[in-house]
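> build the 3D model from these lines:
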Amino acid sequence: MGRTVHFAKGGKGTPDSNGERTPVNTKPTLSPIDTTTPTTPTAPLPPTPPDSPTTSGTSPTSPTIPASAVQPGGKRRRKSRSRSRKTEPVDPTKKRIEKLGFKNYWVDERGNWALVEEDEETSSSDGIEPPPPPPKIIPMSERSYAQHVKDLRLKTRDAPHIDGSGTYEDPEIIWLEKPPFKKPKRYEGLLLICRAACKAMQQKKIWIRALDHATTRTITHTATRNGVNKTYGKAHPHITVYMGATFEFEYDGHVYCEYAKGWYGDRIPVRLGRPGMRRDDPKWLERVVEVIDRKFLRDRARQAGFLDS
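Okay, the predicted model is just below:
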């Protein structure tokens with residue numbers, strides 16, 4: 001059976017090894033180009049990606065989903081709430097010390113108050129070391145004040161010695177403890193300190209409850225049988241006194257002393273003062289004659305009828 005090959009009209013073939021001709025593709029028919037309208041080739045548009053969440057600027061791989069967007073499962077994400085209070089840092093150099101009652105407090109520029117601890121070793125903004133906290137004292141009531149006045153009358157009657165005439169120029173010094181007569185210089189030094197304290201506080205009488213000593217007593221309430229606990233600690237040398245014009249004393253506290261050869265030397269007081277305090281300090285008198293004002297308590301005791309008229 002023979003094979004028939006048809007050629008395009010006018011086409012030619014190329015003979016192969018068998019002498020047969022292979023058909024040749026004819027050229028396609030081209031339409032004329034319109035040159036009146038310019039054409040601009042355009043690049044194909046990129047494929048549109050599927051919807052995906054945007055990524056955050058910090059991590060290119062972690063998506064950032066708004067809190068209000070609906071999460072898978074139909075629930076909204078809740079904003080996390082921190083239960084801890086945010087406290088702004090306070091510059092410790094911008095603080096001052098304020099006295100409230102018997103305690104000292106740090107006060108910063110924002111008005112925040114913080115108790116000054118006894119062992120806190122800090123300095124104020126002006127470079128001056130803050131004063132030590134005052135001695136801890138149990139608040140006195142009107143009835144307790146009246147009892148102190150009654151005891152003072154009895155102790156004055158049995159006082160070992162009394163000096164002075166009871167005026168502003170020559171205040172009366174009542175020794176509730178035996179004076180150191182065997183050491184005349186020490187005795188004269190204590191008289192000098194008491195007269196200087198009365199002159200500074202404008203008082204006519206001063207009672208020496210305890211001679212100069214370098215310890216302080218702290219009394220706190222307890223649940224024991226006695227109800228109080230007494231502890232002793234170190235302090236600057238001072239005299240414990242009452243001060244006033246009558247037995248109804250107006251002040252009680254400490255009068256600090258300075259010595260010619262120090263506390264561990266001859267123990268001869270030479271003037272009012274305490275270590276580290278200059279006389280030109282505006283609070284010098286308050287810190288050297290460290291007493292508590294009892295005039296308000298005295299008036300309350302009078303109104304309550306606890307004091308004899």
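> show me the shaky parts of the stretch 201-309 of the chain.
Of all residues in the stretch 201-309 of the chain, those with pLDDT under 70 make up the ranges 219-228, 309.
> so where do the strands sit in the chain?
Counting by DSSP state E, one finds strands in the chain at the ranges 14-15, 21-22, 95-100, 103-108, 113-115, 161-163, 172-175, 205-221, 228-244, 251-259, 269-272, 289-293.
> for those, give me a markdown table that also has mean neighbour count.
All C-beta atoms are positioned from the backbone trio N, CA, C, and that covers glycine. Shown next, in a markdown table, are the strands of the chain (neighbours: other C-beta atoms under 10 Å):
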| stretch | mean neighbour count |
| --- | --- |
| strand 14-15 | 9 |
| strand 21-22 | 12 |
| strand 95-100 | 14 |
| strand 103-108 | 16 |
| strand 113-115 | 11 |
| strand 161-163 | 15 |
| strand 172-175 | 21 |
| strand 205-221 | 17 |
| strand 228-244 | 17 |
| strand 251-259 | 22 |
| strand 269-272 | 19 |
| strand 289-293 | 17 |
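> could you chop this structure up by domain?
Residue ranges for the domains of the chain, per automatic domain parsing: 91-134, 142-304.
> for Lys178, grab the count of nearby residues.
Burial of Lys178, expressed as a neighbour count using other C-beta atoms under 10 Å, amounts to 10.
> please name the nearest non-neighbouring residue to it.
If you skip the residues right next to it in sequence, Lys178 has Pro160 as its closest partner in space, 4.8 Å away by C-beta to C-beta, 6 or more residues apart in numbering.
> settle this for me: the one you found is touching Pro180, isn't it.
No: no contact is recorded between Pro160 and Pro180 when judged using C-beta atoms under 8 Å, the distance being 11.2 Å.
> more neighbours, the two?
The neighbour comparison of Pro160 against Pro180 (other C-beta under 10 Å) goes to Pro180, with 17 against 12.
> for Met201, see how far away that one is.
24 Å (C-beta to C-beta, to the nearest Å).
> do the same with Pro275
From Pro275 to Met201 the distance is 22 Å (C-beta to C-beta).
> what sits against Trp263?
Shown in contact with Trp263 (C-beta atoms under 8 Å, 6 or more residues apart in numbering): 214, 237.
> circling back to that earlier point, Pro275 and Met201: which is more packed in?
For Pro275 versus Met201, the count of surrounding residues by other C-beta under 10 Å is larger for Met201: 17 against 10.
> might one say that the more buried one is in contact with Met243?
Yes: counting by C-beta under 8 Å, Met243 is a contact partner of Met201 at 5.9 Å.
> any shared contact partners between these two?
Shared contacts of Met201 and Met243 (C-beta under 8 Å, 6+ apart): 251, 291.
> show me what Asn229 is bridged to.
Partner residues in beta bridges with Asn229, using DSSP bridges, are Thr220.
> if I look at it, how far off is Arg279?
Computed with C-beta to C-beta, the distance linking Asn229 and Arg279 is 38 Å.
> go on, His148?
Here His148 is placed at a distance of 32 Å from Arg279 (C-beta to C-beta).
> could I get the full set of helices for the protein?
When secondary structure is read from DSSP state H, the chain shows helices at 142-157, 184-201, 284-288, 295-304.
> looking at those helices, which is buried most?
Among these, judged by mean count of other C-beta atoms under 10 Å, the one packed with the most neighbours on average is helix 184-201 (a mean of 19).
> where in the stretch 51-200 of the chain is pLDDT low?
Ranges of the stretch 51-200 of the chain meeting pLDDT under 70: 51-103, 109-111, 117-138.
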